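Peer 1: Could you look at this predicted model? Sequence included:
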Amino acid sequence: MKTKYLKTIGIKTNQPVGRGFLFPYDVTFDSSGMIYALNRGRISQGLGTRIQIFDYDEEWYGEFGEGRGTGPLNFLIPVATAFNSKDELFVTDEGSGEVKVFNQKGLPLYQVGGGSGPWSCDLKGPSGIAFDSNDNLYITERSASRLTKIDGDGNVIFRVGEPGDGELQFNMPWGVVTDGKGYVYVADWRNDRIQKLDPDGNFVTSFGQSGNSEGQFNRPSSVAVDSQGNMYVTDWGNERVQVLNSEGRFLHVVEGQATLSKWAEQWLEVNQDEYSARRSSNLSILDLPAHLQTPYQVGSQTEHLFWGPVSAKIDACDRLFITEHSRARIQVFDISGNSD
């Protein structure tokens, strides 16, 4: 089994517009393979909050949205993104308690949550979002400790979950994904586990417990599932991605192998003083002093390793995209060779 590093996308920027990231939180893909990245930015200031559009070759096509405000293009605390089969982009906003929906060009269409009629269900801290093959929508609600399923016409099918650490109980659930058989996986963030449900919302099993050993998690924020049923969990607090098989057995850890992105290379080409300093520096120190040994410290001090892996997504080409909010980049891996 192997997870092969392919490339890095992104560069950190404090600019409110243009290519580059500031606290990116998620990516998703439309039917053509175009990449849509959720750039949270500095939400307290409303700086740089937007959706950016680019392709795998890092050609940049534009952006839309902004921070603060209550308009159809404004976000307060955006968390996650997903496309349905109609190429409508859904963006959860934990701050406004709604999910905003856009077309591929970023034009607002409608929203989930609030109002009346279809799509009007009350949402409390919507965070994770995913669709199944029938266009049923799943939303995790962090503030309500529950999972909501909505059909393609906007009608609530079920709501399951309550605060706690038992079966079908959650503590600030975050990422959610479905597999090819319709099973649902929820990253139960503060319970340090992944819960697996059937398509009707019944508990099936759970994976993981608190810790930093193999198969243990520290605040798992997201989970992706490949065609073989293997799970890729962003073990956020441990600054790593863990790969489990379909039965939850630990397979291996991915820690990051980042290289300079195309955007970074282009920036450095016109900033030669910094490029020269990079070439003479050791940015891959693996033997850190004793006072810098926590996962956070290792990630923050070692450039190629994950630092803030917050989202895992798999595209149609069996490529795994890991979004790092602290390092402002996306690392991409080939998982086509992975199987049980």
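Peer 2: That came through, no problem. Numbers count the residues shown, from 1 in each chain.
Peer 1: Provide the secondary structure category for the residue lying closest to Val254 once chain neighbours are set aside.
Peer 2: Spatial nearest neighbour of Val254, chain neighbours left out: Val241 (4.2 Å); criterion: CB to CB, 6 or more residues apart in numbering. The C-beta positions use only the backbone N, C-alpha and C, and glycine is treated the same way. Three-state assignment for Val241 (DSSP: H, G, I helix; E, B strand; the rest coil): strand.
Peer 1: same thing with the one 10 residues further on?
Peer 2: Using three-state DSSP as the criterion, the local structure at Leu251 reads strand.
Peer 1: so how many other residues sit close to it?
Peer 2: By the measure other CB atoms under 10 Å, the count of residues near Leu251 is 17.
Peer 1: Chain neighbours aside, what residue packs nearest to it?
Peer 2: Using CB to CB, 6+ apart, the nearest residue to Leu251 is Val243, at 4.5 Å.
Peer 1: so that neighbour bridges to which residues?
Peer 2: Tyr232, His252 (DSSP bridges).
Peer 1: Which pLDDT value belongs to it?
Peer 2: Here the pLDDT value assigned to Val243 is 97.
Peer 1: I figured it hits His252, correct?
Peer 2: Yes: using CB atoms under 8 Å, Val243 makes contact with His252 at a distance of 5.3 Å.
Peer 1: Look at these two and report which has more neighbours.
Peer 2: Using other CB under 10 Å as the criterion, Val243 and His252 rank with Val243 on top: 21 against 14.
Peer 1: ok, that one to Leu320 distance?
Peer 2: According to CB to CB, to the nearest Å, Val243 and Leu320 sit 9 Å apart.
Peer 1: Can you check which residues contact both of these two?
Peer 2: Shared contacts of Val243 and Leu320 (CB atoms under 8 Å, 6 or more residues apart in numbering): 3, 232.
Peer 1: residue contacts, the residue nearest to Val254?
Peer 2: Going by CB under 8 Å, 6+ apart, Val241 touches 232-235, 253-255, 306, 309, 312, 322.
Peer 1: Check Gly256 too.
Peer 2: Gly256 is in contact with 240, 299, 304-307, 309, 322, 324, 331, counting by CB under 8 Å, 6+ apart.
Peer 1: Tell me which entries of the residues you listed lie within helices.
Peer 2: Among the contacts of Gly256, the members found in helices (DSSP state H) are Gly299.
Peer 1: Flag whichever of the contacts of Gly256 scores worst on pLDDT.
Peer 2: Among the contacts of Gly256, pLDDT bottoms out at Gly299, giving 90.
Peer 1: isn't that residue right next to Gly308, touching?
Peer 2: Yes: counting by CB under 8 Å, Gly299 does reach Gly308; the two are 7.3 Å apart.
Peer 1: Give the intersection of the neighbour lists for the two.
Peer 2: 239, 326.
Peer 1: ok, Thr92 - contacts?
Peer 2: Counted by CB under 8 Å, 6+ apart, Thr92 has contacts 78-81, 99, 126-129, 139.
Peer 1: ok, so of the contacts of Val241, who is nearest Lys4?
Peer 2: Nearest to Lys4 among the contacts of Val241: Val254, at 10.1 Å, using CB to CB.
Peer 1: Can you name the residues that contact the nearest residue to Ala316 once chain neighbours are set aside?
Peer 2: In space, and not counting its chain neighbours, Ala316 is closest to Gly33: 6.4 Å by CB to CB, 6+ apart. Shown in contact with Gly33 (CB under 8 Å, 6+ apart): 55-56, 315-317.
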